[in-house]
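[1] Here is a sequence with its predicted model. Questions after.
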Amino acid sequence: MKTIEQFLTSDWYKQVTAELVQLKPMVKFVEHASYESSMLMDSFRERKYVLEGFNGPAPTEEECVQWIMEQIAEDKDEIMSYVVARLAFSEHLDDDPDGEFADGEELDAGDRSEVVEVLGFTRSVIATLLSMIW
């Protein structure tokens with residue numbers, strides 16, 4: 001697999017997400033969206049810059065796919081446990097406010113978060129969490 005899009009739609013990754021559903025049957029995935037690949041690649045670029053600075057070359061999609069597959073192969077149980085815990089935490093949030101504000105103080109309309117996905121997780125949830133924390 002040379003691209004993140006190929007990876008996210010591969011049988012291998014579908015099997016990984018199927019295992020997640022077995023661990024957490026209440027997880028519902030939304031249809032695969034075209035924006036997932038670019039957001040995941042951006043996350044990998046940010047991670048590389050934070051860890052190595054701006055002097056090195058940006059990672060290729062193939063390097064990112066290889067890294068994700070290696071991480072899952074090496075630490076699958078720990079990764080799945082972490083993802084399940086994160087999903088459980090997300091389910092328990094009644095409301096995800098934009099921050100703490102004094103009574104009467106509100107954000108401007110343009111500064112409010114916009115809900116992108118409702119009642120589901122994108123299929124890239126495992127890979128995305130890996131790119132952010134692992």
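    In hand now; what should we look at?

[2] tell me which element Ala85 falls in.
    For Ala85, the host element (DSSP states H and E) is helix 61-91.

[3] Please identify the buried residues of that helix?
    61, 64-65, 67-69, 71-72, 79-80, 82-83, 87 (16 or more other CB atoms under 10 Å). All C-beta atoms are positioned from the backbone trio N, CA, C, and that covers glycine.

[4] just stretch 13-33 next, same as before
    By neighbour count, with 16+ other CB under 10 Å as the criterion, the buried positions of stretch 13-33 are Tyr13, Val16, Thr17, Leu20, Val27.

[5] Lowest mean pLDDT among the helices and strands, pick that one out for the protein.
    When the helices and strands of the chain are compared on mean pLDDT, DSSP states H and E, helix 125-133 comes out lowest with a mean of 72.

[6] Please work out which residues outside that helix touch it.
    When contacts are taken as CB atoms under 8 Å, 6 or more residues apart in numbering, the neighbours of helix 125-133 outside the stretch itself are 4, 7-8, 13, 16-17, 20, 29, 39-40, 43-44, 47, 64, 68, 71-72, 79-80, 82-83, 86-87, 122.

[7] What helices and strands are in contact with the helix holding Ala85?
    Contact here means 3 or more CB pairs under 8 Å, 6 or more residues apart in numbering; DSSP states H and E; on that basis helix 61-91 packs against helix 4-8, helix 11-23, helix 35-52, helix 125-133.

[8] Any idea which of the ones you listed has the lowest pLDDT on average?
    When the helices and strands packed on helix 61-91 are compared by mean pLDDT, helix 125-133 comes last with a mean of 72.

[9] Tell me, what's the model's pLDDT at the residue located most distally from the centre of the chain?
    What lies farthest from the middle of the chain is Gly104; by CA atoms, centre = their mean that is 34.1 Å. If you check Gly104, the pLDDT there is 70.
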